[in-house]
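Here is the input, now give the coordinates:
(2 chains)
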Amino acid sequence: MNYILDYLEELEAEAIYILREVYEQFENSCLMFSGGKDSIVLIHLAKKAFYPTKIPFKILHIDSGHNFHEIIEFREKLIKNENLDLIVASVEDYARINDYSEKEFPDRNRLQIPVLLDIIKKENFDAAIGGGRRDEEKARAKERVFSHRNIRGQWDPENQRPELWNIYNGNKKEKEHFRIFPLSNWTELDIWHYIKKERIEIPAIYFSHKRKVIITNGIILAASDYSVNNYKVIEKKVRCRTVGDINTTGLWESEAKTIDDIIKEISVSGIGERGKRTDDKFSITSMEDRKRKGYF
Amino acid sequence: MINFLLQVWKTEKEKDIFDMENVNKKKLFRFTTIGSVDNGKSTLIGRLLHDSKAIYADQYEQLKNNQNSWQTEEINLAYLTDGLKREREEGITIDVAYRYFSTPRRKFVIVDSPGHIEYTRNMITGSSNANAALILIDAQKGLDEQTKRHTIISSLLKIGHIVVCINKMDKVKYQKGVFEKIRKEYEEFTSKLNFSDVRFVPISALKGDNVVIKSGNMPWYQGPTLMYLLESMYFSSDRDLVNCRFPIQSVREKEGRKYISGTIAGGVFKNGDKIMVLPLMKITMIKNIFLYNKNIQEAFPPMSITMELADALNVRRGMIIARPNNIPVGSKILDAMLCWFDDRGILLKNKKYILFSGSKKVFCKVKEIFYKININTLHRDFEYDIIQANDIARVKLMIEDIIFYDSFYINKNTGSFILINPETNNTVAAVMMR
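Prediction:
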């Protein structure tokens, strides 16, 4: 026995430590669930962290209303199997109440910000755990694991608390909250290797399947109610690499049928997983700007 | 352009597609890069990512789009790491950034720390979890104050391994003499410090010499490339496997059984071991060690596990489990090195701060400031006015309640603390027990 952990075991140990720290330092925390692989891995880690007791976090889904139906089905199954408490905050409702007029490809990405902040306030959450990783984007690469939000839910990237060793300072004033990122040090590939190792079930849309799609600006999008009338709909073999709003999440032409296929594919793809998210394409600072305002 | 890049990428990457069976034996290696932008630090990181093919083609495109003077050969790779708007606008690195890349042998975490003196706290932050430090020296300039400061801080933070990259060798015509002179100077400087392992590599981050690929320009250099060093450096003996320490992070109960969770901070705990819970000073036995739902026989750092004890003791978060014949120091008066972080206030004697170990929180006061360290020379400065942001001092702390700890230089996990200002909730200092 050489008493050394491999990198996946070490990343797991770190994430479990962080999740337990959230439970101990905060009164009322939620785990933000998008239906994507990262939040599924988070739930798996939480299960491991608190076994044999129940996951002590509420599961929060900010539902854009523009969903892949596979994701919602998966969510329902997971919630039932793991006996979790689900809270759904609807962007659809928010858009209706606030009379938000939508464009051709309604981008509900920014609309998620007020919905998220409202539900955090309404439910009195003092910590919201997210699946964000530092390898996703440059502004994320600068963010702390325990990331402070002021009373208005804003991030101040230039005044972040120093975060040393494994000491996470979650002290805060009333009505402020924290965003917590246990997967900060994981990369996309790490997530897939972990899913494989732990045999974690993931939604079918991550694997190659035939789907009705449209092509716009070189990006393949799933044909949805919003696009089906104005674009030529064709059928292609595709898969998702990230899961988001159906109108902004680009699909990848792929033959990958197994996790091994996916690992092989992304190892050589040469494009970051957010490379086909039209929501990130506005400018180099679009993520920083959104995060400052309260985005995930 | 992007298609061409993708093509290059695919052929290159397919060559070293890692062996799927081996991937789980891969180790995590964290290193920090310190040095100013002038010394080419961001360029070096960009080079490591680029040559190990960790930069995606779309990021490369974005890089190109955001660059004023685009030259295909010498791209400004610094753009990859300076993630905040103001950093790009002002061309400086303000905050610690994390980057990741993998080779078949290791997964690397690069903690990129700014080098300016006013960012010493960020450097300390970035170095706190590092297995090794990469120190960059500009071959044209040699050792400067910054290099010395970085080296001193690395030694204070007990980073065992130092890799000195003597950069911009292309600018000094790849001369051996320049490399040797700097090397000698650096060795003399570090002879007073406690490093077990210091290596030197002559590189050009911009041109790629000796970063990943062996340089043809410096046949006089027989040593390994930087990447080879990073991949092969032996670091597992840096952990403390002797002194058993298990700080209690969380205690949960179910059906009358107590589940004690935490991360092993030192030593190897075995099922059935006789242990002592501090500060209760009660002795009992380990009944079970769980890793999720699996009962395991042994636990070692940095495993996050759950324990069950033979006796129903009143255990709580903040307590610590050790072996009865080898327990940490318990005291109300602490002798420590302190790095002050807060730029909105100076260190105040006799003010109440919170001392936080990660699971234990106690109020404390700084009773005495013995001296301030001149971080450019390591001299003890007994005549100082105040301790302000980025200062390092040796202090005496008085705490409200007894705590158990080890010297930071024996166990980083049980010897490190932060100070929190209870009014602002900010992390105002790093504390390392002597």
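
so who does residue B:285 touch?
Applying CB atoms under 8 Å, 6 or more residues apart in numbering or on different chains, we find residue B:285 in contact with B:272-275, B:309-311. C-beta: built from backbone N, CA, C; applies to glycine.

Mind listing what's buried along the host helix or strand of it?
Here residue B:285 sits within strand B:282-291, counting by DSSP states H and E. Across strand B:282-291, burial judged by 16 or more other CB atoms under 10 Å in any protein chain shown covers B:282, B:284, B:286, B:288-291.

Please apply the same query to stretch A:114-131.
Neighbour-count burial for stretch A:114-131 [16+ other CB under 10 Å]: A:115-117, A:119-120, A:125-131.

what does that stretch rub up against?
Contacting residues not belonging to stretch A:114-131 are listed as A:19, A:22, A:25-32, A:34, A:36, A:38-39, A:41-42, A:57-58, A:60, A:62, A:87, A:89-91, A:94, A:152-153, A:170, A:172, A:175, A:177-183, A:294-296 [CB under 8 Å, 6+ apart].

Could you list which of those also contact chain B?
Contacts with chain B within these, counted by CB under 8 Å from any CB of the partner chain: residue A:172.

buried subset of the contacts of stretch A:114-131?
A:19, A:22, A:25-26, A:29-32, A:34, A:36, A:38-39, A:41-42, A:57-58, A:60, A:62, A:89-91, A:94, A:153, A:170, A:172, A:177-183, A:294-296.

These in strands, which ones?
Cross-referencing the buried ones among the contacts of stretch A:114-131 against strands under DSSP state E gives A:29-32, A:58, A:60, A:62, A:89-90, A:177-180.

in chain A, which spans are strands?
A:29-32, A:58-63, A:86-90, A:127-129, A:146-149, A:177-180, A:209-216, A:219-222, A:234-239, A:252-253.

would you list these in TSV and tack on mean pLDDT?
Below are the strands of chain A laid out as TSV (pLDDT from 0 to 100):
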stretch	mean pLDDT
strand A:29-32	98
strand A:58-63	96
strand A:86-90	94
strand A:127-129	98
strand A:146-149	96
strand A:177-180	98
strand A:209-216	91
strand A:219-222	89
strand A:234-239	94
strand A:252-253	92
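
Quick check, residue A:215 in contact with residue A:233.
No - using CB atoms under 8 Å, residue A:215 is not in contact with residue A:233; the gap is 9.8 Å.

coming back round to it: what about dumping the CA coordinates of the strand holding residue B:285 to PDB?
Extracted as PDB, the C-alpha positions of strand B:282-291 are listed here (Å, rounded to 0.1, in the frame of the first residue of the first chain):
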ATOM      1  CA  LYS B 282     -11.200  10.700  26.100                       C
ATOM      2  CA  ILE B 283      -9.800   7.500  24.700                       C
ATOM      3  CA  THR B 284     -11.800   5.000  22.600                       C
ATOM      4  CA  MET B 285     -11.500   2.900  19.500                       C
ATOM      5  CA  ILE B 286     -12.300   3.200  15.900                       C
ATOM      6  CA  LYS B 287     -15.300   0.900  15.300                       C
ATOM      7  CA  ASN B 288     -15.700   1.600  11.600                       C
ATOM      8  CA  ILE B 289     -14.200   3.600   8.800                       C
ATOM      9  CA  PHE B 290     -16.600   4.300   5.900                       C
ATOM     10  CA  LEU B 291     -15.900   5.600   2.400                       C
END
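
Show me how far it is from its chain's centre.
31 Å (CA atoms, centre = their mean, to the nearest Å).

Would you pull up the residue in the stretch 51-200 of chain A closest to chain B?
Closest contact between the stretch 51-200 of chain A and chain B, by CB to the nearest CB, is at residue A:138 (3.4 Å).

Does that residue touch residue A:287 like I think?
Yes - between residue A:138 and residue A:287 there is a contact at 7.4 Å, judged by CB under 8 Å.

Show me the helices in the stretch 101-250 of chain B, by range?
Applying DSSP state H, counting those that start in this stretch to the stretch 101-250 of chain B gives helices spanning B:120-127, B:145-156, B:176-190, B:226-232.

and which of the buried residues of strand B:282-291 is nearest to chain A?
Nearest to chain A among the buried residues of strand B:282-291, with distances taken as CB to the nearest CB, is residue B:290, at 7.4 Å.

Bridging across strands, which residues link to the closest one?
residue B:295, residue B:306 (DSSP bridges).

wait, it sits on residue B:303?
No - assessed by CB under 8 Å, residue B:290 is found out of contact with residue B:303, at 10.8 Å.

coming back round to it: chain A is nearest to which of the helices of the stretch 101-250 of chain B?
helix B:120-127 (4.2 Å).

And the average pLDDT for that closest one is what?
Helix B:120-127 shows an average pLDDT of 84 in the prediction.

what about that helix, near chain A?
Yes - using CB under 8 Å from any CB, helix B:120-127 reaches chain A at B:121-122, B:124-125.

May I ask which two of those residues are separated the most?
Maximum pairwise distance among those (CB to CB): 7.3 Å, between B:122 and B:124.

what is in contact with those two at once?
Common contact partners of residue B:122 and residue B:124 (CB under 8 Å, 6+ apart): residue A:162.

Please pull up the helix or strand immediately following the helix-or-strand element of chain B with minimal mean pLDDT.
Ranking every helix and strand in chain B by mean pLDDT, DSSP states H and E puts helix B:2-15 at the bottom, with a mean of 42. Next in sequence after helix B:2-15, counting helices and strands by DSSP H and E, comes strand B:27-34.

How about that next one and chain A, any contact?
Yes - legend: contact between strand B:27-34 and chain A by CB under 8 Å from any CB is shown at B:27-28.

average pLDDT across that strand?
90.

Run the angle between it and helix B:120-127 for me.
160 degrees (axes from the mean of the first three to the mean of the last three CA atoms, to 10 degrees).

Only C-alpha atoms, please: export strand B:27-34 in PDB.
Taking Å, rounded to 0.1, in the frame of the first residue of the first chain, the C-alpha atoms of strand B:27-34 are listed here in PDB:
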ATOM      1  CA  LYS B  27      -1.900  11.700  -9.900                       C
ATOM      2  CA  LEU B  28      -2.900  15.200  -9.200                       C
ATOM      3  CA  PHE B  29       0.000  17.700  -9.200                       C
ATOM      4  CA  ARG B  30      -0.600  21.400  -8.300                       C
ATOM      5  CA  PHE B  31       2.000  24.000  -9.000                       C
ATOM      6  CA  THR B  32       2.100  27.700  -8.800                       C
ATOM      7  CA  THR B  33       3.700  30.000 -11.200                       C
ATOM      8  CA  ILE B  34       5.000  33.200  -9.700                       C
END
